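A.B. asks: below: sequence and its predicted model.
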Amino acid sequence: MVERRPLLRLLAHVVMLLGVLIVAFPLYLAFVASTHSAQDIVQAPMPLLPGSHFWETYKAALFGRDVSMGSGAPVARMMWVSLVTALVITFGKITISLLSAFAIVYFRFPLKNFFFWMIFITLMLPVEVRIGPTYQVVSDLGMLNTYAGLTIPLIASATATFLFRQFFLTVPDELVEAARMDGAGPMRFLWDILLPLSKTSIAALFVIQFIYGWNQYLWPLLATTSEDMYPVVIGIKRMIAGGDAGNEWNVVMATALLAMLPPALVVVLMQKWFVKGLVDTEK
Amino acid sequence: MASISLQQVTKTYGSGKQSLQVLHGVSADIQDREFIVIVGPSGCGKSTLLRMVAGLEEISGGTISIGGRVVNDLEPSERDIAMVFQNYALYPHMSVYDNMAYGLKIARVPKDEIRTRVDKAAKILELSHLLDRKPRALSGGQRQRVAMGRAIVRQPQVFLFDEPLSNLDAKLRVQTRLEIQKLHRELGITALFVTHDQVEAMTLAERMIVMNAGRMEQFGTPEEVYNRPATTFVASFMGSPPMNLLKNAPNADFGGPAGAILGIRPEHLQIAGSGWAVQVDTIEMLGAERLVYGHLDGEHLIVRMDESLPSPALGATLHVMPRPERLHWFDSASGQRLEPGA
């Protein structure tokens, strides 16, 4: 739309401002809450301007504290657990989907279609559906409260496999043939040619999967019982012990903000690549 | 350098009832340093044949040998060949230099050697100033030259070209055609060149294989193919405009076998005061010549006229005489060439 009508422009801006307010106000409130002491924010009109307890609150959150109710475990450790989990899930998903898409597109093997459909069908079985049996398996293997237990059940990804498959199908056959003439074996072709060509798709998937891994809630809730293996999302939940009074809401809000930071950073830093990966196909 | 020998090569896709045979036993002996063009209409199996020589398609039957060595079961990279693809198939993320060097890197050629070879090829192809560019920053003609450079640096025994000129504009095509000829002379290589364009075939070939529907119709020099086409297919495919093939011609007048098809090229019909009365349907003016499309006894006929002759009117009757030494005879059932007097 290239209409230049002042009233329309004004309306557009009002709508956008409203949108920003709706999204940003809770975030602002969380930030304000994290800069006051626990007593201040439970007062009847909650303060709407930042207070002076910023460092104290964040120190308490990051390095832990003694509490009467809920969990006072250090958030720094949780952030570390979340980061490792999210990265392992992301790289695991990308590696496995890349390899399975490569196999499906470029190799002829018996029951190829059968396997393709098997992968397709797993789309209908997210973690939530198969959580019972998965828990049984992970627990029998003694993987509760380990990084392996947190990540492995979440790694297989039909979505990413499909994305790569679609991309590989657009790579011209002549390129494959040229590589064969040049004497490149299958793995060499994957590494030297296919991988550099799919780097924008990989970047887009990295963003999506990192956020997916970071925001995991239900599975870590079951698979972790010890404080030093809580991802930060679970950490927030464990801090709230029920009942309003006993909770240090300022610390909870600080933790929530800290938990939001890494995914936001990943999106901001990789935005350019992300859009490129979803929009254009560089061939 | 090497000779290539094709022995009863067949290609079948699928198996059982759904199988489709696309090559029906092609045999040809190609000598060392020969430039061979494989020409035919689309779907005749010419590209399949080339890809079988390259090792990109499995050989269903028969044998292919390069330099006396049967290559049926060898990988493309082990056959000592190089191929230039129709769409060039350059690696889009690599620079021109890396594109040309990639095969050598895999073959573990020492770095210095790679540099010398790539530089030399780049010089021949006038690509030296473009070595750092990515393929997308090149024009069509330049990409085409990079594709050839990639083939040259490997110093193969045989060059395979799969319609490498079809994506170039007309002017560039003529220029590249000349360059390929020059390259062939300088490097002294055996070359197999696939095209559907009969002008390309005539100009480039030392000998050509004319194919139709998975069969080799003729294998000979351009002169042989033009002067003594082996079948009615070759007669009508090679030459522009195509040869006139007349079923109802008065064969006896020219000493031809009864019932045979008479073939005469448009350029070998002379305007005369008497002779065949051709009804003029359409006229095409091409500059140096005029093509007159007409019919004779219900059969279509094309006559080539020099531009200096006055243009006949549409619907008029034009009298033409065929040059008797330029007549061809073909069996009306099989389409095979018949030798007069035989």
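C.D. replies: Looks like it came in fine. Residues are numbered from 1 along each chain as shown, chains lettered A, B, ... in the order given.
A.B. asks: would you mind naming what in chain A lies close to chain B?
C.D. replies: Contact residues of chain A with respect to chain B, defined by CB under 8 Å from any CB of the partner chain, are listed as A:172, A:174-175, A:177-184, A:188, A:192-193, A:196-197, A:282-283. Just so you know, the C-beta spots here come from the backbone N, C-alpha and C atoms, and that holds for glycine as well.
A.B. asks: ok, for the closest residue to chain A within the stretch 101-250 of chain B, nearest residue in space, not its chain neighbours?
C.D. replies: Checking the stretch 101-250 of chain B residue by residue against chain A with CB to the nearest CB singles out residue B:103 as nearest, at 3.6 Å. In this structure, residue B:103 finds its nearest non-sequential neighbour in residue A:182, 3.6 Å apart by CB to CB, 6 or more residues apart in numbering or on different chains.
A.B. asks: next up, the contacts around that neighbour.
C.D. replies: With contacts defined as CB atoms under 8 Å, 6 or more residues apart in numbering or on different chains, residue A:182 is in contact with B:77, B:102, B:103, B:106, B:150.
A.B. asks: isn't the first one right up against residue A:177?
C.D. replies: To tie it back to what came earlier, the one meant is residue B:77. No: applying CB atoms under 8 Å as the test, residue B:77 and residue A:177 come out as separate, 11.3 Å apart.
A.B. asks: re the thing from before, redo the contacts of residue A:182 as TSV? Include neighbour count, pLDDT and secondary structure.
C.D. replies: Shown next, in TSV, are the contacts of residue A:182 (neighbours: other CB atoms under 10 Å in any protein chain shown; pLDDT from 0 to 100; DSSP: H, G, I helix; E, B strand; the rest coil):
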residue	neighbour count	pLDDT	secondary structure
B:77	19	88	helix
B:102	23	94	helix
B:103	23	92	helix
B:106	16	92	helix
B:150	29	92	helix
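A.B. asks: chain B: helices as residue ranges?
C.D. replies: Counting by DSSP state H, the segments of chain B that form helices are B:46-54, B:96-106, B:111-124, B:140-152, B:170-187, B:198-204, B:222-227, B:232-237, B:251-254.
A.B. asks: worst-scoring helix or strand of chain A, pLDDT-wise?
C.D. replies: Taking mean pLDDT, DSSP states H and E as the measure, helix A:38-41 is the helix or strand of chain A with the lowest mean score, a mean of 80.
A.B. asks: what is the helix or strand just after that helix packed up against?
C.D. replies: For helix A:38-41, the following helix or strand on the C-terminal side (DSSP states H and E) is helix A:54-63. Helices and strands touching helix A:54-63, as assessed by 3 or more CB pairs under 8 Å, 6 or more residues apart in numbering or on different chains; DSSP states H and E, comprise helix A:6-34, helix A:75-106, helix A:249-279.
A.B. asks: quick one, what contacts the nearest residue to residue B:222 once chain neighbours are set aside?
C.D. replies: With CB to CB, 6+ apart as the measure, residue B:202 is the residue that lies nearest to residue B:222, at 4.8 Å, once sequence neighbours are left out. Counting by CB under 8 Å, 6+ apart, residue B:202 touches B:208, B:222, B:226, B:238.
A.B. asks: enumerate every residue touching the residue of the stretch 101-250 of chain B closest to chain A.
C.D. replies: By CB under 8 Å, 6+ apart, the contact list for residue B:103 reads A:181, A:182, A:183, B:77, B:150, B:153, B:154.
A.B. asks: can you tell me which of the residues you listed is nearest residue B:273?
C.D. replies: If you rank these by distance to residue B:273 using CB to CB, residue B:150 comes first, at 60.7 Å.
A.B. asks: buried ones in stretch A:141-152, by neighbour count?
C.D. replies: A:143, A:144, A:146, A:149, A:150, A:151, A:152 (16 or more other CB atoms under 10 Å in any protein chain shown).
A.B. asks: equivalent analysis for stretch A:107-122, please.
C.D. replies: Neighbour counts over stretch A:107-122 (16+ other CB under 10 Å) mark A:116, A:119 as buried.
A.B. asks: list just the nearest of the buried residues of stretch A:141-152 to chain B.
C.D. replies: Nearest member of the buried residues of stretch A:141-152 to chain B, counting by CB to the nearest CB, is residue A:151, at 31.0 Å.
A.B. asks: mind giving me the domain ranges of chain A?
C.D. replies: Here chain A is described, according to automatic domain parsing, as comprising the domains A:6-63, A:75-279.
A.B. asks: among the contacts of residue B:103, which two are most distant?
C.D. replies: When the contacts of residue B:103 are compared pair by pair using CB to CB, the two farthest from each other are B:77 and B:153, 14.0 Å apart.
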